[in-house]
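K.L.:
sharing a model that was predicted from the sequence below.
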Amino acid sequence: MIFRIHLRSTPLRHAFLPIMAVGLLVLYNRPTYWVGIWPETGAAVAVSAFFMSLFVAGSSAWAAARLELMDVRALAAARTNRRLFVEGNLWAAALFWLTAPLLAVAALAAATTAASGVQAGFPSFVGYGILGLLLVWLAGAWGWIVGRLLEPLVAALAAALSWFIIGSLAGEITGATPVSGPPWIALQASALVLRSSAALLLIVTIVALTGRSEDQRSRLKGAAFVAVAALVVAASHVALPVQQPRSPVASPLCVNGHIEYCLWPEHEKYVPLIRQVDAEVGAVPLDLPLPPKIVDYSLSGSTQWIDGNQVELPGEYAPEFDISEGSRWALARGVAKAITRSVLSTCERSAAIEDPAHHWDLLLAWLEVRLAGGGSPDYTTNAPANIQAAWFEARRVSVELNDAQQAAWAVSVIDGHQKYCSGA
């Protein structure tokens, strides 16, 4: 009964729509590559949660400070255990209204991705959602602590600003504020459980100690307990990394065409784009030796992470492409690079670094623009001027010459590279 009363009477109920509006604004103003990929959808929710948590911290501090001024607790706290009961219900009602906006944003994000029909990766969505939920809970706890110490308006501003600093500095280090969720990154369940347990400990500590008597000795003891609980939260965030490189899956999603393309199952939405680029492979006006198989980034197993460092393993592995943000140009460049290596396999690029004509880069750029369907690249580069000049020349050829002329040009580029490598 008392919980329902606080639920209807707490001023935090008015924060629901503004906080949710912030989350939706952040979510739907991001590039939409997250739609249709469950891990990326979860990461998008986590990003929204960070910005929402700033307002959660401020709102929580404002509400707690108002309760201090109104002394609401004293109205129903004749005994210590009764005071604890009241405090718990006040906190539960506050936490409901501070959590509900994130749950609403997560539900809308999930509905957007679910409409695409993709199923792989939903557990990762839940994991990133938990990270976002922890941000909101910890922000609410931080705001509640600040609100017990300051006037309402000052408390709200101080809590929001200080939480922004804490989240910005510590979030990236601890992985608490991920900006993306590529399928080659896995969330560690043990780290999520540890962090969730520590956050609950902090919340329970705050409720238990703010529900006690207010003499000076109790305040000092309470502050000490809260500080210890906060240290436990900090330790839980650095004890175990929440994100780890993921091992290649045993059954990737493979698409057969002129080349076999294998994807992380979570990248199912990119199958139509794969087929479009493969059709351009077949339209290249030259019979080129093609690699039998190309795989999504980190799916070949050619790299291993040791102590946080990426190590290349010896052996032969399928070439990789990167399509993490749905860029047609990124996919085209990856496929073009694999074909170029196959065509010029008798001479590695490292042996032609001194080639003044940059035959390797000419062929690569020509294939890239052909596979991308023409136009201008969607990326910027800081490559040396002579390399960029070679790319520009190859793109000019793809626009100004017909297919027969392009084929003859490509043959001359390949011959020039081979002659150079043979020392001719």
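P.N.:
Cool, got the structure.

K.L.:
let me know the average pLDDT across stretch 28-47.
P.N.:
Stretch 28-47 carries an average pLDDT of 92.

K.L.:
CA atoms of it as CSV?
P.N.:
Output of stretch 28-47 as CSV, limited to C-alpha atoms (Å, rounded to 0.1, in the frame of the first residue of the first chain):
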residue,chain,number,x,y,z
TYR,A,28,17.2,7.6,-33.2
ASN,A,29,19.8,10.2,-34.0
ARG,A,30,22.5,7.6,-34.2
PRO,A,31,23.4,6.1,-37.6
THR,A,32,20.9,3.4,-38.1
TYR,A,33,23.3,0.5,-38.7
TRP,A,34,22.3,-0.8,-35.3
VAL,A,35,18.8,-1.7,-36.6
GLY,A,36,18.6,-5.4,-37.4
ILE,A,37,21.7,-6.4,-35.4
TRP,A,38,20.9,-7.4,-31.8
PRO,A,39,24.3,-6.7,-30.2
GLU,A,40,24.5,-3.2,-31.9
THR,A,41,20.9,-2.5,-30.8
GLY,A,42,21.8,-3.3,-27.2
ALA,A,43,24.9,-1.1,-27.4
ALA,A,44,22.7,1.7,-28.9
VAL,A,45,20.5,1.4,-25.8
ALA,A,46,23.5,1.5,-23.5
VAL,A,47,24.7,4.7,-25.2
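
K.L.:
just the helices in the stretch 51-200 of the chain please.
P.N.:
Per DSSP state H, counting those that start in this stretch, the stretch 51-200 of the chain carries helices over the ranges 72-75, 80-114, 122-147, 152-174, 189-210.

K.L.:
ditto for the stretch 301-424 of the chain
P.N.:
328-343, 359-371, 385-400, 403-421.

K.L.:
mean pLDDT, distance to residue 39 and mean neighbour count for the helices of the stretch 51-200 of the chain - can I get that in CSV?
P.N.:
From N, CA and C alone the C-beta is placed, and that goes for glycine too. Putting the helices of the stretch 51-200 of the chain into CSV (pLDDT from 0 to 100; distance: least, CB to CB, whole Å; neighbours: other CB atoms under 10 Å) gives the following:
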stretch, mean pLDDT, distance to residue 39, mean neighbour count
helix 72-75, 49, 43, 14
helix 80-114, 82, 10, 19
helix 122-147, 92, 4, 24
helix 152-174, 87, 18, 17
helix 189-210, 86, 14, 18
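
K.L.:
in CSV, list those helices along with distance to residue 236.
P.N.:
Shown next, in CSV, are those (distance: least, CB to CB, whole Å):
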stretch, distance to residue 236
helix 72-75, 30
helix 80-114, 19
helix 122-147, 10
helix 152-174, 9
helix 189-210, 4
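
K.L.:
nearest to residue 408, out of those?
P.N.:
Nearest to residue 408, of all the helices of the stretch 51-200 of the chain, is helix 80-114, at 47.1 Å by CB to CB.

K.L.:
can you pull the contacts of the residue nearest to the spatial centre of the chain?
P.N.:
With distances taken as CA atoms, centre = their mean, residue 180 lies nearest the centre of the chain, 1.2 Å away. By CB atoms under 8 Å, 6 or more residues apart in numbering, residue 180 lies in contact with 40, 43, 324.

K.L.:
got a winner among these for most neighbours?
P.N.:
residue 40 (31 neighbours; other CB atoms under 10 Å).

K.L.:
please, which helix or strand holds that residue?
P.N.:
Per DSSP states H and E, residue 40 falls inside helix 38-70.

K.L.:
residue 197 is in contact with residue 235, isn't it?
P.N.:
No: judged on CB atoms under 8 Å, residue 197 makes no contact with residue 235 at a distance of 11.5 Å.

K.L.:
pretty sure residue 318 sits against residue 297.
P.N.:
No: Residue 318 is beyond contact range of residue 297, at 11.6 Å (criterion: CB under 8 Å).

K.L.:
please tell me how far the nearest residue to residue 40 once chain neighbours are set aside sits from residue 236.
P.N.:
Distance criterion CB to CB, 6 or more residues apart in numbering; nearest residue to residue 40, sequence neighbours excluded, is residue 34 at 3.9 Å. Residue 34 sits 27 Å away from residue 236, going by CB to CB, to the nearest Å.

K.L.:
which one's more surrounded, the two?
P.N.:
residue 34 (24 against 21).

K.L.:
residues touching that one, list them.
P.N.:
When contacts are counted by CB under 8 Å, 6+ apart, residue 34 touches 40-41, 43-44, 109, 113, 181.

K.L.:
and residue 295, that's in a strand?
P.N.:
Yes: under DSSP: H, G, I helix; E, B strand; the rest coil, residue 295 falls within a strand.

K.L.:
what about it, neighbour count?
P.N.:
Residue 295 is flanked by 24 other residues according to other CB under 10 Å.

K.L.:
test my guess that it contacts residue 261.
P.N.:
Yes: applying CB under 8 Å as the test, residue 295 and residue 261 come out as touching, 7.5 Å apart.

K.L.:
where do the contact lists of these two overlap?
P.N.:
Joint contacts of residue 295 and residue 261 (CB under 8 Å, 6+ apart) are residue 321.

K.L.:
quick check: phi and psi at residue 316.
P.N.:
With angles defined as degrees, to the nearest 10, residue 316 sits at phi -100, psi 130.
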